[in-house]
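**Q** With the sequence up front, the predicted model follows.
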Amino acid sequence: MRSSIPIIVGLLLAVLAATAARTEPMVNMKALIERTSPGAGQEALQPLVGKWRVTKSSFWVTGTPEHPVISEAMTTERQWIADGRFLDDTTTGSMGGRPYFRTGMLGYNPMDKRYEWTTADNQTPIMMTYYGAVGSALAQPIKMSGQFTDLGVAGEKNVGKNIPMRTEIKITNNDRHTFELYVTPPGEPERLVDRMV
């Protein structure tokens with residue numbers, strides 16, 4: 001039986017030689033910092049920063065398209081976190097006589113050139129995550145899509161089914177913006193679920 005020690009020693013020497021021959025660091029820190037620093041994607045979201053009065057219209061779960069439930073007893077506060085990389089978004093108030101809470105984080109992915117948005121609320125125990133199309137960059141309105149496994153918000157017949165969803169963020173000006181949520185139940189057309197202005 002031959003010893004494997006000479007093979008291991010040879011491999012170790014080869015690794016050491018390759019490491020010693022390397023003249024540049026594996027990571028280009030200057031380029032990495034440039035790629036990971038806030039930029040135009042974040043700048044385009046600046047009008048959303050602040051504390052806002054919100055009118056929320058529910059066209060589905062608590063209301064219908066013909067008779068939406070409307071609440072003007074809400075506020076949204078948005079601020080930069082992570083050194084200006086993400087926009088923290090928290091909405092509180094009441095809707096249909098029940099307390100309402102939603103928090104989210106909106107960011108810009110500079111490598112995929114798209115916006116990304118994740119939310120959590122007190123209505124469901126699941127996170128909702130949306131992604132803009134790769135390469136959609138700074139297009140307005142901001143359109144992001146996702147999906148969720150239904151808990152029954154699309155009706156009992158859809159419990160456990162995959163439901164496509166999308167969010168549109170329209171920045172009209174520094175004083176007005178609209179967040180809309182759409183879903184597409186199986187076999188049905190896309191419908192507007194709620195709007196926050």
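**A** Noted; the coordinates are in hand.

**Q** so where's this protein shaky on pLDDT?
**A** 1-4, 6, 8-24 (pLDDT under 70).

**Q** Now for the residue nearest the centre of it: which residues touch it?
**A** Centroid-nearest residue in the chain, with Cα atoms, centre = their mean: Trp117, separated by 1.0 Å. Applying Cβ atoms under 8 Å, 6 or more residues apart in numbering, we find Trp117 in contact with 104-107, 129-130, 144, 167. To be clear about C-beta, it is placed using only N, CA and C from the backbone, and glycine gets the same treatment.

**Q** where along this protein do the helices fall?
**A** With DSSP state H applied, the chain shows helices at 5-21, 29-36, 40-43, listed in chain order.

**Q** what's in contact with the second one?
**A** So the one you mean is helix 29-36. With Cβ under 8 Å, 6+ apart, helix 29-36 has contacts from 85, 110-111.

**Q** What of the last one?
**A** Surrounding helix 40-43, the residues in contact under the criterion Cβ under 8 Å, 6+ apart are 80, 84-85, 87, 107-110, 115, 137-138.

**Q** Not including adjacent chain positions, what is the nearest residue to Asp83?
**A** Excluding the flanking residues, the one nearest Asp83 by Cβ to Cβ, 6 or more residues apart in numbering is Pro38, at 7.3 Å.

**Q** Just give me the neighbour total for the one you found.
**A** Close neighbours of Pro38, defined as other Cβ atoms under 10 Å, add up to 17.

**Q** show me the contacts for it.
**A** When contacts are counted by Cβ under 8 Å, 6+ apart, Pro38 touches 83-85.

**Q** which among the residues you listed end up buried?
**A** Arg85 (16 or more other Cβ atoms under 10 Å).

**Q** Next, format the contacts of Pro38 as a markdown table and append distance to Asn158.
**A** Putting those into a markdown table (distance: Cβ to Cβ, whole Å) gives the following:
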| residue | distance to Asn158 |
| --- | --- |
| Asp83 | 41 |
| Gly84 | 40 |
| Arg85 | 36 |
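
**Q** quick revisit: identify the spatial nearest neighbour of the residue nearest to the centre of the chain, chain neighbours not counted.
**A** Leaving aside its sequence neighbours, Trp117 sits nearest to Tyr130 (Cβ to Cβ, 6+ apart; 4.5 Å).

**Q** mind listing what that neighbour touches?
**A** 116-118, 144-146, 165-167.
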